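>>> What would the 3D arrangement of this be:
(one chain, ligands or ions: 1)
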Amino acid sequence: MSGAGANTAALGLSVRDVAINYGRRRIVDGLSLPDLRPGELTVLAGPNAAGKSTLLRAVAQLTPYRGAITLDGRDLAQLPGRERAQLVGFMPQTLPAGSSLIVLQSILAALRATGETPAAQADAAAMAVLERLGIAELALRPLNQLSGGQRQMVSLAQAIVRDPRLLLLDEPTSALDLARQVRLLAELRRLAAEGRVVVAVLHDLALAAQWADRIVVLHGGSVHSHGPPAEVLTPAMLAQVYRVEARVERCSRDRLVVLIDHEMA
Ligand SMILES: Nc1ncnc2c1ncn2[C@@H]1O[C@H](COP(=O)(O)OP(=O)(O)OP(=O)(O)O)[C@@H](O)[C@H]1O
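Here you go, the predicted structure:
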């Protein structure tokens, strides 16, 4: 399908019938996601080892898979590397220990994955993204001297500097303090509102309840449930998927809170 003739029904990310193996072990089996539209922040939730990172890595074309993963109707597996690097931003779960590169150089290196940009323009783009994330003061610091949370913010800068259409983030708040968690999630909402498809793996269901347009719960390599937070976060889901007895209650400002009473026997 040509860009000009693209059916608006195909806009966004489509994941259909995806299977992923590590060796002979099937990790994800015949998984299809609801279509994920530009403008929405989707949270991928689920217990440890459910396959969240594996699925995200497959969407980013970092892990082989069977099935169809398309963005705006285009098969991501068939796109030339540079075009894919332009379209897809990926923030990994594990933060590299840090090289001796300074932060600005690392952002410029991420920018170069899509081709050469004139130096002044590249510097301006890299600084603009650091300023957008409120970390411009880190520009000249070596990566290996940053705290875990600072590195996580720099990792987000690397993922968004190419202005991707699809942004994939694996536990992007895991090293952040409370204020920066909120800053990052508000930023993800803004990035989505600008017309991107944004998918983030989160373990913190309170954050997911507050910020996600939609939650997709993975369990045992397939989708257990999906929908707006209030529909997905139920005591029944928490019992089936996480094996905990829990209450989901509304507190002030109509916020959902998940109260875990205990692990099920
Ligand atoms: N490189 C690998 N080789 C073999 N098995 C792997 C590899 N990476 C992950 N796995 C296995 O695949 C399964 C899914 O792992 P994955 O990292 O996708 O889970 P997850 O839902 O992201 O978990 P967590 O919440 O703990 O990060 C696990 O059983 C894991 O042990």
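>>> The closest residue to residue 261 other than its chain neighbours pairs with what?
In this structure, residue 261 finds its nearest non-sequential neighbour in residue 245, 4.6 Å apart by CB to CB, 6 or more residues apart in numbering. Backbone N, C-alpha and C define where each C-beta goes, glycine included. Legend: beta-bridge partners of residue 245 under DSSP bridges are residue 262.
>>> Residue 245 and residue 109, how far apart?
From residue 245 over to residue 109 the distance is 48 Å, taken as CB to CB, to the nearest Å.
>>> residues from the chain in reach of the ligand?
Proximity of the chain to the ligand (CB under 6 Å from any ligand atom) is limited to residues 22, 27, 46, 48, 49, 50, 51, 52, 53, 54.
>>> and of those, the nearest to residue 145?
residue 53 (27.3 Å; CB to CB).
>>> Just confirm residue 225 is within a helix.
No. Using DSSP: H, G, I helix; E, B strand; the rest coil, the assignment for residue 225 is strand, not a helix.
>>> what's around it, how many residues?
Applying other CB atoms under 10 Å, we find 18 residues neighbouring residue 225.
>>> so who does it touch?
For residue 225, the contact set (CB atoms under 8 Å, 6 or more residues apart in numbering) comprises 216, 217, 232, 237.
>>> Hmm, residue 234 and the second one touching each other?
Read that as residue 217. No. Counting by CB atoms under 8 Å, residue 217 stays clear of residue 234, with 10.3 Å between them.
>>> So between those two, which is more surrounded?
residue 217 (25 against 14).
>>> can you map out the helices along the stretch 1-150 of the chain?
52-59, 81-87, 103-112, 119-132, 148-160 (DSSP state H, counting those that start in this stretch).
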